[in-house]
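>>> coords please:
(chains A, B, C, D and E)
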Amino acid sequence: MIPSIDYLLLSAALFSIGAAGALLRRNALIVFISIELMLNAVNLSFVAFARQLGDMTGQVYVFFVLVVAAAEVVVGLAIIVSIYRTRASVDVDDADNLRG
Amino acid sequence: MTTSDLIALSPELIVTVLALLVLVLDLFLPPERKAWLSRISLLGLLAALVANALIHEPNPQAWQGMLASDAISGYFNFVMLLIAALSLMLSSDYLQRQGLERGEYYALLLTSTLGAMLMGSSADLLMVFLGLETLSIPLYILSGFARGQSRSQEASLKYFLLGAFSSAVFLYGIALVYGATGTTNLAALSQQLGTMSASPLLLAGAGLLLVGLGFKAAAVPFHTWAPDVYEGAPTSVTAFMAVMAKAGAFGALLRVFMLALPQQSQLASDWGLLVGVLAALTMILGNFVALVQLDLKRMMAYSSIAHAGYLLVAVAVSAAGGETAGLATSSLLFYLLAYTFMTLGAFGVLLLLERQGENLALNDLAGLALRHPLASAAMALFMISMAGLPPTAGFFAKFYVFSAALSAGNLGLVLALIGVLTSVVSVYYYLRVVYYLYMRPAAVERPIYASSSWATAALVIAALGVLVLGILPAPVFAWTQQALALVLP
Amino acid sequence: MEQVLFWLMAVVAVVSALTTISSRRPVHSALAFLVTLLSLAVLFLLLSAQFVAVIQIIIYAGAILVLFLFVIMLLNAQSGEGPQIKLPSQRPLAIALALLLFGGLSYLLLSSPLGAARPLPAGMGTVQAVGGILFNHFLLPFEVASVLLLVGVIGAVVLTVKEDEQPK
Amino acid sequence: MPSNISLLALVLITIVKGAVLIGALLMAFAYGTWLERRLVGRFQLRLGPNRVGPLGLMQPMADGVKVIFKEDFVPAQADRLAYWLAPALVVAVALTAFAVIPFGPPSVKLFGVPLFYISNVNVGILLILAVTSIGAYGVILGGWASNSKYSLLGGLRSTAQLISYELGVGLAILGVILLAGTLELPQIVEQQAGTWFGFLPRWNIFLQPLGFLLYSIGALAETNRAPFDLPEAEQELTTGYQTEYGGMKSAMFYMAEYIDIVLVSSIATLLFLGGWQGPFIQQLPGLGVLWFLVKVLAFVFIFIWLRATLPRIRYDQLMDLGWKVVLPLALLNLLLTALIVLIWPWLGGGG
Amino acid sequence: MSFPILSLIVFLPAAGALLIGLLDRGQERLIRTVALGASLSVFALAVVLFFAYDGARGGMQFVEQAPWVPQLGIGYHLGLDGISLLLLLLTGFIVPLALLAPWEAITERVKTFSIMVLLLETAVIGVFLSLDLVLFYVFWESMLIPMYFIIGIWGTPKAGPAALKFLLYTMAGSVFMLIAIIALYFLSGPLGGRSFDLITLQSLTPGWSLALQVPLFLAFTIAFAVKVPLWPFHSWLPAAYTEAPTTGTVLLAALLSKAGIYGFIRFAYPLFPQAAALFTPWLMGLALIGVIYGALVAAAQRDLKRLVAYSSISHLGLVLLGVFALSPISLSGSTLQMVNHGIIVAALFWAVAAISGRAGGARTLDDFGGLMRPMPRLAALFTVFMLAAIALPGTNGFVGEFMILLGTFTQHRVYAIIGAATVILTAIYMLWMTQRVFHEEPRSQKHFADLRPREVALLIPLVLVIFWIGIYPKPFLGRLNSSVQQIVRQSSVQVQTGYDLLRSQVYRLTRSQVNGPAPANLRPGGRPR
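Residues are numbered from 1 along each chain as shown, chains lettered A, B, ... in the order given. Now for the predicted structure:
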């Protein structure tokens, strides 16, 4: 059996990669995918811990993460689509009406 | 699922049913009757408040250890329902003016309230997480509710991306805590941590939880979204978000950090110091950056960041345990109520001034006192309260928090000193608003959009709240302390 | 066999994750992410979480990511690029932060001994087991999750239905 | 899993079974096209292909040869990776799903290994859903990779259609799963053995008529078949996401389409029509395969019949049908089923 | 508890403000009448208290005590002793005049103005009567907001920033006091036995170690020093005094500065006698510097209002000198001189306002001259005020300053001598100013109308009081005596042993730091022995 720590390290690596993507990229969609990557890394941790602890709770968590991710994705993509719609005529590159 | 479970959940249930009801009714109401939605929502919130008041049997492990129904959750539910009710009263007029009055607005506002309530009464990290999402996702949508305005959409996008990011971080924290302890039930966690020594895993998990909630609470350095989102979102949403998101985040912080994690241990002093640093940074940055803001919504954003700092002081010092933890907890509760009144009140006045989604600058307030003395007086009152000057709610809120801090030894002393000094700084920008209201001749005569009796009533409630909490705070103090007796051993 | 599969999937997951965040076109990111998802599903199987593995594919790969691709292409169809956001993003800082995060997490993970894995309960990871715990112990979260999904639907409608399609 | 044979033997047998299955499916594809052309010809009062071989039986072979020798091109500025990946993906997905389809009773064994299916997974039906859900990628990628507006719009439409109807299909299937109490396909079929009142087969279709109807509609839509063949609408989108595909790659899309038809027919058979159940199955288990094939064929026939009969619906009608009719009805069906399952023991009924 | 007369006197102005708030802002006359009525009733009550107060018995009288926020040990505790009585009387006396004086000057936003002045009166009286530290702090900070409005709205166009500066400085000073107050609470005992009550704390704190007393004392000191202001905490003062409307300046100089001095007398010294003793020489030094500095800068001013403002710094320095000297005589003198200064400085500011009002707002020395001729009534009155300011015998200023210097002399000779010498400075610049304004050749062609009867009527009471106190101060001093004695007793437990005790404290402190852990009474929360 593969020790749980290997899974956890893999999960940490994926989480870090996702975080890096979320911080690095400027394209909203890729940032968004990076965040999903982070969620998946967390799922891996949950499942690995579940096996380590011999406890189903961790697996159930994945279910909830999936639901939340689904809701987030729907809303997030809707936001992106709507933002795109209002400025389809103008340059998409500058979403900087807000300072910061 | 038993009857007592259902009783414990009854306020939340009412809010949920209300949200669905509003959504369905929206389909059948002609546009000119949309105001009914707001009235029905208010009525429902009232019912939820009554239900909340009627819950007498504490049930700390309802729904198989998912929901805690105790004095603290009762208090939180009260505050959150109050926030929702006041926001509704304040915003219905504004929404009509902006052409945003749609049934979904109310439904989303109510679900967001539901999320915050769940956070404040969660007994399991999973519920904290789900509450967080139920609070946040409607807020993302509401931020972008003014679809024609690109600022609103940008706010929505920014809020969404950072919020989702923080959710992921929070979730990872849950995973690590789960891995370290084998449970996510807060009571079990607290029990287990009492006996075992803290592993690095647990510390990392707690840290990530803190980061995740720090985002929601807009604590420095996780605050970067707040000014932009506050500025871009429709003002009625900003008002609601400024208070509700904070209440939810601190509800969760209270449940997780102040109640579940152990106090008076190595772990406690670790996270106490960590939160203390965050609190200090938040107070300093929030107040100093607010100094240079000329846009009122941005100023309010930084002000709300600053207030998060004061609230974090309470969280930080609670790590000291014992009496301090009790004081800290009740001071946090008191502060949130005071914050609710003054922030919603201030935004309420801004809502009266805004016509069509334009941002208000300080200059727009110039000379308002001569034309609209009551609105100006109310605004001045809220500003004075936010600055923490007596005899207002803000004074006793800060007084209480600093009291808790000073009972906690050196860290608390440092935090209290930073707190009072930054309060002095904050006087500058809050009273600058008063200066513009009362002492500057009007550049342009801005009209006030004659408010409905609802908005007026909400402002009166907020003003009374600020004054009553500032002059006769004892009953609320008693309430917040009664909350403790049930929770602390 | 298990070893090989694990290391293979681990490498695939990391490489595809790196591709996800580094590829220039959103479509490629999404595809790389699909690979990550699938390799994770295999890993879930290895961790005796078959139900999780399957719903990971059905929901994540089959619904969520498809939606993603859908939107990417929808926006692509009308212009060359997806929307950009202006977040304060300094490349070296972000990379350093991520490395720091990984380093810190690995250090913490390695320094907290997990001990021997506890024995798995019977039926670990099966639909019956997961369903049972989900509907008994996690009933309230389950219901809350349903509200959350409803919110998602409302949100999509609110944000994207065009004004003229609004029922007056 | 039988333990009395070696792993090697098991692997070998599985490989052989797989090869046979794939071969059979390829044949099914080939003669599916023939069947469709012939039948549609009949329906439209013409002959259909009848020159190559007797009754035109050699026509698919000829087509195959033609397709193989066609030029293998890639459109300018296409995304090469995705362009290649798309057709491969759809075919692979369609084939993979058959891994858990049982064609006959599990009691028929060869060297101790069930003969009529490749593997039995205890989440079988979920696995099929999982695998087919990946199929959407082929369509959407194909549409996008070609770097053509028609392709892209076709791909988008197709994806939207897939997502919309997958919900209805899944919910309709859930009704059956609720009744069966298991996700294993062989078990679901076993439960449909026997008759009611001595004459009515205990097929799920009689318990779930609405579910069957909804499944069928969904299946039609998911396979992009008429009257839901909008993504390929020649008149509007010049065959949609396949526009820029030619030669073998185009054939692969067709292959996937026909294999999918067989797949959804098989699932319908398993879930609603009693799978391999039929007369004399007790005496001669091998006969089950025949019953199975007959039922599948009947279902396929209906597919083709519908194509020839019904006009294509508009896109908005398609979406309306999916979201406003199929989905609510499927939910209702599920709710009713759940209610009945819940109160059945209470009413005194046996499990 | 008997009739809560102190609560009545504290909240009567606030009630008047509330009543005005309900009136329509067009009804100016009614508003003014209500405001004046409220403030006059306060004065009447103060006079009643003046006669009802038993000077011989001394101590706190008319005490009211009730829980306010019991969860935190905050009480509602009011009490009146001789010192508060005089200041209450001063407040009651000045506020009606402050409402009357700008009858013509302030015609805009009369409603807001009246409300603010009355709220300020409530806060000031509250400060003088509170015996609970939190209650005191609430009133103390409550003074700021009305004052901010008064300065900002009715001041010069540049008054807004000046008002903010005033607010920020004084608040920055006060917050340390807030911290100290809360710390006092936690140090006062174990859970349940804690208190914010001044009387309770006074019985505990003098026993505390210096390590505890010093920071607490300094925190209180900063708050009070900024408010008075004590040099070098005065930098907010010139801007605020100059830009504020005359009423604002009068209220600031006559009342708010007294609140600061009162804080020293009532809180800082009795609570932390040892620390106070340690810092007394320094504080006296600062007070003296203030006296000299104020006088010198005043002498250099060409702006009449600024001149009076700086003279106020100088005079307040002298009052503080008397307080810090902490002899019964000097403290009595200081308390009396607070009243005197309040009256004199108010009179001077009003006189200046009367002059500059007639000159269209001009108020530099160069604008005037020879006003004796066109304005004989003003000249006469002004001369009286000026003489009182330079403490000519027969005026009230003489009594106060003489007692201060006398009292100081018994304790700290050098300081008294320097202080006495600098009093002469006051005479120089005051006389010089009078000379320039009233006697030399007119420098302006403007016609200066003499004081109207209403203005005279306003100033006459001040003149009367000046002479009354100057000739017959006994009724005042008689009521002060025992209270002052008590304060001195509390604040100087160690005066008999003097610096010996102090030295031993310091020795203990240093030794404990060298020798490791501090004794229990040095640790926060530890019960001081």
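>>> Could you find the closest non-adjacent residue to the residue nearest to the spatial centre of chain E?
The centre of chain E sits closest to residue E:258, judged by C-alpha atoms, centre = their mean, with a distance of 0.6 Å. Closest residue to residue E:258 apart from its sequence neighbours, by C-beta to C-beta, 6 or more residues apart in numbering or on different chains: residue E:338 at 4.9 Å. Backbone N, C-alpha and C define where each C-beta goes, glycine included.
>>> list the helices and strands the helix or strand harbouring that neighbour packs on?
Element membership for residue E:338 (DSSP states H and E) is helix E:328-358. Packing partners of helix E:328-358 (3 or more C-beta pairs under 8 Å, 6 or more residues apart in numbering or on different chains; DSSP states H and E): helix E:82-100, helix E:246-251, helix E:257-263, helix E:304-325, helix E:376-389, helix E:396-411, helix E:453-471, helix E:474-491.
>>> how about 6 Å then?
Using 3 or more C-beta pairs under 6 Å, 6 or more residues apart in numbering or on different chains; DSSP states H and E, the elements in contact with helix E:328-358 are helix E:82-100, helix E:246-251, helix E:304-325, helix E:376-389, helix E:396-411, helix E:453-471, helix E:474-491.
>>> and residue D:128, which of those helices is closest to it?
helix E:246-251 (84.4 Å; C-beta to C-beta).
>>> Next, see if the closest one gets close to chain B.
No - counting by C-beta under 6 Å from any C-beta of the partner chain, chain B has no neighbours in helix E:246-251; the shortest distance is 12.8 Å.
>>> next one: stretch A:51-64
Yes - contact of stretch A:51-64 with chain B (C-beta under 6 Å from any C-beta) involves residue A:53.
>>> Residue E:159 and residue E:152 touch, don't they?
Yes - using C-beta atoms under 6 Å, residue E:159 makes contact with residue E:152 at a distance of 5.4 Å.
>>> about what we covered before: the residue nearest to residue E:258: how many residues sit nearby?
By other C-beta atoms under 10 Å in any protein chain shown, 27 other residues sit near residue E:338.
>>> OK, contacts around it?
E:258, E:261, E:319 (C-beta atoms under 6 Å, 6 or more residues apart in numbering or on different chains).
>>> Among those, which one lies nearest to chain D?
residue E:258 (77.7 Å; C-beta to the nearest C-beta).
>>> measure that closest one to residue B:113 for me?
In this view, residue E:258 and residue B:113 are 51 Å apart by C-beta to C-beta, to the nearest Å.
>>> Could you do residue A:53 as well?
35 Å.
>>> out of these two, which sits in the busier spot?
Neighbours per residue, other C-beta under 10 Å: of residue A:53 and residue B:113, the larger number sits with residue B:113, 34 against 20.
>>> Tell me the secondary structure at that one.
In three-state terms, and counting by DSSP: H, G, I helix; E, B strand; the rest coil, residue B:113 is helix.
>>> from memory residue E:384 sits against residue E:464, does it?
No - using C-beta under 6 Å, residue E:384 and residue E:464 do not qualify as a contacting pair, with a distance of 10.3 Å.
>>> For those two, indicate the residue with more neighbours.
Shown here are residue E:384 and residue E:464; by other C-beta under 10 Å, residue E:384 has more neighbours (20 against 11).
>>> In chain D, which residue sits closest to chain A?
Counting by C-beta to the nearest C-beta, chain D gets nearest to chain A through residue D:163 (11.5 Å).
>>> Excluding chain neighbours, give the residue nearest to that residue in space.
Leaving aside its chain neighbours, residue D:163 sits nearest to residue C:66 (6.2 Å; criterion: C-beta to C-beta, 6+ apart).
>>> looking at it, that neighbour is touching residue D:136, isn't it?
Yes - at 4.9 Å, residue C:66 counts as touching residue D:136 under the criterion of C-beta under 6 Å.
>>> Fine by me, we can end here.
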